[in-house]
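Trainee: Give me a 3D structure for the following:
(one chain, ligands or ions: 1)
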Amino acid sequence: MTAAVIVGAGLGGLSAAIHLRLQGRPVTVFEANHSVGGRANVIEREGYRFDTGPSLLNYPWVFEDLFSAAGRRFADYVDLIPVDPSVEFRWPDGVTFSLSSDLKNLREECERLEPGCGPRLIAWMRDAAFKFDTAFGKLVTRNEDNPLKWVGKLSVREMMSMGVWRSLDSELGRFFKNRYIREAFGSYGMYLGGSPFDLPGLFSILAYGELAYGLWLPRGGIYGLVRGIERLARELGVQIHTSTRVASIDSHAGAATGVRLENGEFFPARVVVSNVDLPTTERSLLSQASRKPVEHRMTPGVLTFYWGLRGDEGAYGHHTIFLPRRFRAAFDQLKQGRIPDDLPFYISIASASDPSLAPQGASSMFVLVPTPVISAMPRADWSTIVPEVKARVLSRIGLDPARIAVEEVWTPVEWQRRFGLHDGSAFGAAHTLFQMGPFRAKNYSNQMSGLYFAGAGTTPGTGMPMVVLGGRMVAERIAAHVH
Ligand SMILES: Cc1cc2nc3c(=O)[nH]c(=O)nc-3n(C[C@H](O)[C@H](O)[C@H](O)COP(=O)(O)OP(=O)(O)OC[C@H]3O[C@@H](n4cnc5c(N)ncnc54)[C@H](O)[C@@H]3O)c2cc1C
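Mentor: This next block holds a predicted model:
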């Protein structure tokens, strides 16, 4: 069996490594950082443990499938704690809205904001369930390059029901009149590239998927999941080399020949999978002749704070999303290259669900503030932006800065430096209509045979479950091309 080399040990790279190993191939992974996981990494300081990036884990079956493909039980590697109520939304005028997978609680919350909307909540859930099942059953998990064949799998009814020609916000408007419910469900669009006013209505499946399948925290934080996946890969015989940066992916006569490491060593391979953010792979790992210069529309950047707090943070649950007074204006300002005046942001206190993530009686808090990408803020001076944003966050959540015992801050520039994220975009290429399915950057190169891609920039897309599914899809693609 032809051996494979994987550049980058993000979750997509690790998933690809496991599936390729299960095909019987020798698999070697080179990771530039000293730990695996990519954006899903960990900071450990003075007894506080912070997940660096992802904090919301949904679609647990995707991870169960990864382990069962290897004949193992997910639960033997990762212990999932349910988080319910899952997310609370808060607005500056004092309105709150709390989500739960318990339909009775969810219905009560929706009725509190929009009396009489209970039956429409059920109708929305049915509609979103249909979209969700169709998307996952027929679109998301298939390697298909031909747009007509891709949608050709759908019946006319399915096609008409997917809501791709309407925006996410108008799709939600078919069911809910209340602005708070619409803004809350629409804000999920932020993970995929911005605004619920631009993204297709299909993405009502995001809020639905979280409600229907729950929100989870692996014991030990999200990094507990990464450790479980790394253990599985190593047990299967995947060779993982950390602190080993790849300098280039080399080719001869249009075919991949291997990778050159930063220390000058050449590692031959006829199959190379790059898990490095796709536009970064094109720009910094491939020669001029092997790259295909595609302009991707990227998701926003993020400014993230990791605060180890003295004392218990009882005022908030595990996940809280603070939405602004003027919802649409915040998205417009992000698009115009400005950090919104009226800041939307998210806080996660994982120690509320797993106290082992902070010293006894203390809390670990993660704050995520969306920002424009780096190129949209050419004159940004982060040394002034960071304290200014920090003061606004502290004032909105009512936190005394004296309680911060440990602090770490990552700007979009830091995110780019650490993981090679193109333009500092946190989630990779956006999921606009023309960056989805066969329109999204493919998981193989047209320029270099033997070169494949895994991760958020390629199909099916961004988010932990998606990149893990994408790892399986790229392995299937390789199996069809190379014995
Ligand atoms: C702040 C933030 C919050 C998020 N929140 C969530 C969430 O709540 N839920 C969710 O599901 N998803 C979330 N995501 C998205 C999710 O983290 C990503 O979609 C996913 O982890 C990306 O995985 P990937 O396979 O693309 O690899 P990446 O994480 O991009 O990893 C790529 C790896 O390649 C390595 N690398 C780069 N260059 C080289 C080189 N030259 N040589 C060797 N190695 C190299 C990098 O060090 C890195 O380890 C979040 C992302 C961020 C940034």
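
Trainee: Buried residues, the helix or strand where Glu108 lies. List them.
Mentor: Using DSSP states H and E, Glu108 sits in helix 103-113. The neighbour-count check on helix 103-113 (16 or more other CB atoms under 10 Å) flags Leu106, Arg107, Glu109, Cys110, Leu113 as buried. (Each C-beta comes from the backbone N, C-alpha and C, glycine too.)

Trainee: and the next helix or strand after it, what's its mean pLDDT?
Mentor: Where DSSP H and E defines the elements, the next helix or strand beyond helix 103-113 is helix 118-134. For helix 118-134, mean pLDDT is 96.

Trainee: ditto for stretch 285-300
Mentor: Here the average pLDDT along stretch 285-300 is 84.

Trainee: Tell me the buried residues in it?
Mentor: So, applying 16+ other CB under 10 Å, buried residues of stretch 285-300: Leu285, Leu286, Ser290, Arg291, His296, Met298, Thr299, Pro300.

Trainee: Kindly report the same for stretch 254-273.
Mentor: Residues of stretch 254-273 classed as buried: Ala256, Thr257, Gly258, Val259, Arg260, Leu261, Phe267, Ala269, Val271, Val272, Val273 (neighbour count, 16+ other CB under 10 Å).

Trainee: farthest pair in those residues?
Mentor: Leu261 and Val271 (17.2 Å; CB to CB).

Trainee: one step back: and the helix holding Glu108, what does it pack onto?
Mentor: Packing contacts for helix 103-113, counted by 3 or more CB pairs under 8 Å, 6 or more residues apart in numbering; DSSP states H and E, involve strand 96-98, helix 118-134, helix 179-186.

Trainee: what's the closest of those to Tyr316?
Mentor: That would be strand 96-98 among those, by CB to CB, at 10.8 Å.

Trainee: Let me see the residues that make contact with that closest one.
Mentor: With CB atoms under 8 Å, 6 or more residues apart in numbering as the test, strand 96-98 has contacts from Pro85, Val87, Glu88, Phe89, Arg90, Asn105, Glu109, Leu113, Tyr180, Ile181, Ala184.

Trainee: Filter the buried residues of stretch 254-273 down to the ones in helices?
Mentor: Of the positions in the buried residues of stretch 254-273, not one sits in helices, assigned by DSSP state H.

Trainee: Just send those residues back as CSV, with distance to Val36 and pLDDT too.
Mentor: Output for the buried residues of stretch 254-273, formatted as CSV (distance: CB to CB, whole Å; pLDDT from 0 to 100):
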residue, distance to Val36, pLDDT
Ala256, 23, 97
Thr257, 25, 97
Gly258, 21, 98
Val259, 17, 98
Arg260, 21, 98
Leu261, 17, 98
Phe267, 18, 97
Ala269, 19, 97
Val271, 20, 98
Val272, 18, 98
Val273, 15, 98
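
Trainee: and of those, the nearest to Ala40?
Mentor: Nearest member of these to Ala40, counting by CB to CB, is Val273, at 18.0 Å.

Trainee: The closest one touches Phe453, doesn't it?
Mentor: Yes. Using CB atoms under 8 Å, Val273 is in contact with Phe453, at 7.0 Å.

Trainee: Please list all residues in contact with Asp84.
Mentor: Ser100, Ser101, Asp102, Gly214, Leu215.

Trainee: quick one: low-confidence parts of the stretch 51-200 of the chain?
Mentor: Scanning the stretch 51-200 of the chain for pLDDT under 70 picks out 193-194.

Trainee: Would you mind listing what in it touches the ligand?
Mentor: Gly53, Pro54, Ser55, Leu56 (CB under 6 Å from any ligand atom).

Trainee: re earlier: what touches both of Val273 and Phe453?
Mentor: Joint contacts of Val273 and Phe453 (CB under 8 Å, 6+ apart) are Val474.

Trainee: quick one: which helix or strand includes the closest residue to the ligand within the stretch 351-483 of the chain?
Mentor: As assessed by CB to the nearest ligand atom, the ligand sits closest to Gly455 within the stretch 351-483 of the chain, at 2.7 Å. Using DSSP H and E, Gly455 sits within no helix or strand.

Trainee: How far off centre is stretch 145-158?
Mentor: With CA atoms, centre = their mean, to the nearest Å as the basis, stretch 145-158 stands 26 Å off its chain's centre.

Trainee: cool, and stretch 76-91?
Mentor: Distance, centroid of stretch 76-91 to centroid of chain: 16 Å (CA atoms, centre = their mean).

Trainee: Tell me the buried residues in it?
Mentor: For stretch 76-91, by 16+ other CB under 10 Å, it's 77-80, 83-91.

Trainee: List the contacts of the nearest residue to Ala426 once chain neighbours are set aside.
Mentor: Spatially, and ignoring its direct neighbours in sequence, Ala426 is nearest to Val302 (4.2 Å; CB to CB, 6 or more residues apart in numbering). Listed by CB under 8 Å, 6+ apart, the contact set of Val302 reads Leu368, Val369, Pro370, Thr371, Trp410, Pro412, Trp415, Ala426.

Trainee: So the helix or strand hosting the first one, near the ligand or not?
Mentor: For Leu368, the enclosing helix or strand under DSSP H and E is strand 363-371. Yes. Under the criterion of CB under 6 Å from any ligand atom, the ligand is reached by strand 363-371 at Leu368.

Trainee: so, in contact with the ligand or not, the one helix or strand the residue nearest to Ala426 maps to?
Mentor: Assessed by DSSP H and E, Val302 sits inside strand 301-309. Yes. With CB under 6 Å from any ligand atom as the criterion, the ligand is reached by strand 301-309 at Val302, Thr304.

Trainee: Give me the distance between the spatially closest residue to Leu286 that is not a sequence neighbour and Arg120.
Mentor: Nearest non-adjacent residue to Leu286, counting by CB to CB, 6+ apart: Ile249, 5.9 Å away. According to CB to CB, to the nearest Å, Ile249 and Arg120 sit 51 Å apart.
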